[in-house]
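1. coords please:
(chains A and B)
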Amino acid sequence: MRILTKTSLYYLLVSFIVFLMGGIAYYNIMQGEIYDEVDDQLFTDKENILTYIRRTNQLPHVTSGVTETILVKEATNSTPVLESLTDTLIYSSYDEEEIPYRRLTFTAYQDGKAYQYTIMKSVMDFDDLFESTVFALGWTFLMLLIGLVAVNYSINKYTWRNFYDTLGKVKKYSLSQHGPLQLKKSETTEFQELNKVLKAMTDKIHSDYLNLKEFTENVSHEIQTPLAIVNSKLELFMQSDNLTSTQAKLLEDMHNSVSRLARLNKSLILLTRIGNQEFKENEDVALHDLLTEQTEQLQEMIEMRGLTLSLNLTAPVYVRMNRGLAEILVSNLLINAIQHNQLNGSITITLEPEKLCLQNTGEALQGATENFFSRFVSGSNKPGSLGIGLALVSKICSVYTIHPTYTYHNGLHILCLLFPLKSR
Amino acid sequence: MRILIIEDEQDLNASIATYLKQDGYTCDVAFDFKEASLMIADIPYTCVLVDLNLPHGNGLDIVRLLKENTPETGIIIISAKNALDDRISGLEIGADDYLTKPFHLSELNARVKSVIRRRSFNGHKTVRVGALEVFPEAAEVQVNGAKLTLTKKEYDLLLYFLSNRNRVLTKDSIAEHLWGDHVEALDSLDFVYTHIKNLRRKIMDAGGEDHIQTVYGLGYKFVSE
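-> Predicted coordinates:
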């Protein structure tokens, strides 16, 4: 939930409670006030009537029965009502509803004779009052709501615009992109501080990243020469006569390790170079031709392991990428399918306009499939397997926004590359 | 035949020189651009091995100088950079071959032989060992004058052996020579064994002698007196 929606909702909730309580209080106060007023009028009338009788010794005229506001009758009870204030409802034929009245009953004496007076005053219809209150408050509430939305919208647009700009940039920020984070200046202190902190942080990360990258590159490149020297010296050593078998064995082991190191280093350099986007020259690579070519080259390896290869090229597929990288991609995929296979297993390659799939038999992978494309993760401890082949595949894929997927199903490793729309 | 090795890493330079000298070449060494340019101006080399990253200059300029002054010299670039651009521009301006460090000395030796063979218009066009004769131009092999049918890999293997006669060739370097980059992920050493076995059998079936020896723990050696 966005922060503005959240604050608006809280604001509305509080407003609602305040309005509800205010409404109840208003209703009660109004009701009290009206009763007070009506009662005052009733007592004033009573005083007026009593004064009139005392002064003139006559009963005042009352329009009897028509307005029904003052009723007079001779008191019949032996104990006349002195004074009583009650509520009553009288049906009004005009309004077609019962109307609440306040009624004051008292006894007046004229010439020693008791008369019972009843004065009635209509009090305001409280249902109407309630309705009016709700209506008025409802309107106010609605206006407030509209106001809130409008204010939020403008706040959203103006005050928070820099925040959302920053957020968007941080979201998109990637270490491999060149250059530090560029943030818009804000007038809000909090956002200024946020931008400052973010900038300092990303600058630090960026420079660390560059240092590390440079270090890796330098190490890989600098290691080449000593490796070449060691390799050459070992080779010269091997040419010497009279080597004992123990010495020969030692030499072989050394040579194997150095070769392995050299190959590993070569792959690392390649990874770095792909990361540095040194392969810029793209062309429409004919994947169907490349697959045919590469499978032919690997035919020997495939036959040696008794693998059955089926190559289904449904249509010519061209993908826009660097030719060298395309070759590395395809050969690594094929080698992976051959290497992590079983004796007399099978490899099925399907090339469709939108994807390339390789299925091969083989033992299930140990460990999580998410690590499948990570560096140095190999399923089995096969000697000579560097576990870097699929890391190269994944790196090349990321350069060309190709999406690699991996599943294991019914004893089959299924590796698919989904090509992006634009390169098709 | 005289070869110039231009490589600023003295240890590597010395290794190359030692290896090539054992094959009867006369080797000169240069460690930087200035030295190298002086030497190529003075002596007509059969073949020049040149590193691209040199003190005081670029190896590609040496290649250009050589092409201008002594176009008959064979040129092999040896570089730590495997950049495709370098390889292409190197070959475009006239280098005969390009080798990426680290390389096997036996591989370098084979490349040197191949370059010299291609360039020696009036020299021996065939390689002969005993009853075995190889015609590199036609990619043909004869044993006692009769044609021997070999697969592409077997032929490459034989030529590699002949280029490095009386040298120990590691299985690793053979595999790399035959399969190039594919070697790294596959246990190609078994394939090497199979190919050598087949090659030996074919030569012996055709009446040739078995020159290939297994050097315990290290690899193989093609022995010829």
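
2. how about the strands of chain A, start to end?
-> Assigned by DSSP state E, chain A shows strands spanning A:70-74, A:83-92, A:97-110, A:113-122, A:283-286, A:308-313, A:318-321, A:346-351, A:355-361, A:403-409, A:412-418.

3. Angles on the backbone of the closest residue to chain B within the stretch 1-150 of chain A, please.
-> Closest to chain B within the stretch 1-150 of chain A is A:R2: 49.7 Å, counting by CB to the nearest CB. For every residue, glycine as well, the C-beta is placed using N, CA and C. Note on A:R2: backbone dihedrals following degrees, to the nearest 10 are phi -70, psi 150.

4. Now do the helix-or-strand element of chain B with minimal mean pLDDT: distance to the chain's middle.
-> None of the helices or strands of chain B scores lower by mean pLDDT, DSSP states H and E than helix B:84-92, at a mean of 75. Its chain's C-alpha centre and that of helix B:84-92 lie 19 Å apart, by CA atoms, centre = their mean, to the nearest Å.

5. right, and the helix or strand after the longest helix seen in chain B?
-> When chain B is parsed with DSSP state H, its longest helix is helix B:189-205. Next in sequence after helix B:189-205, counting helices and strands by DSSP states H and E, comes strand B:212-215.

6. In terms of secondary structure, what does whichever helix or strand comes after that following strand contact?
-> The helix or strand immediately downstream of strand B:212-215 is strand B:219-222, counting by DSSP H and E. Secondary-structure packing of strand B:219-222 (3 or more CB pairs under 8 Å, 6 or more residues apart in numbering or on different chains; DSSP states H and E): helix B:152-163, strand B:168-170, helix B:171-179, strand B:212-215.

7. By mean pLDDT, show me the worst of these.
-> The minimum mean pLDDT among the helices and strands packed on strand B:219-222 belongs to helix B:171-179 (a mean of 85).

8. Neighbours of the nearest residue to B:F31 once chain neighbours are set aside, how many?
-> Distance criterion CB to CB, 6 or more residues apart in numbering or on different chains; nearest residue to B:F31, sequence neighbours excluded, is B:D8 at 5.2 Å. Neighbour count for B:D8, taken as other CB atoms under 10 Å in any protein chain shown: 19.

9. follow-up on the earlier one: ok, and which of the helices and strands packed on strand B:219-222 has the densest surroundings?
-> Highest mean neighbour count of these: strand B:168-170, a mean of 25 (counted as mean count of other CB atoms under 10 Å in any protein chain shown).

10. Packing partners of that strand?
-> Against strand B:168-170 (3+ CB pairs under 8 Å, 6+ apart) you get helix A:189-238, strand B:219-222.

11. In chain B, where is pLDDT below threshold?
-> B:81-85, B:121-124, B:181-189 (pLDDT under 70).

12. Confirm for me that A:M321 is in contact with A:E281.
-> No: the pair A:M321 / A:E281 is not scored as a contact, 9.8 Å apart, by CB atoms under 8 Å.

13. Which one's more surrounded, these two?
-> A:M321 (23 against 10).
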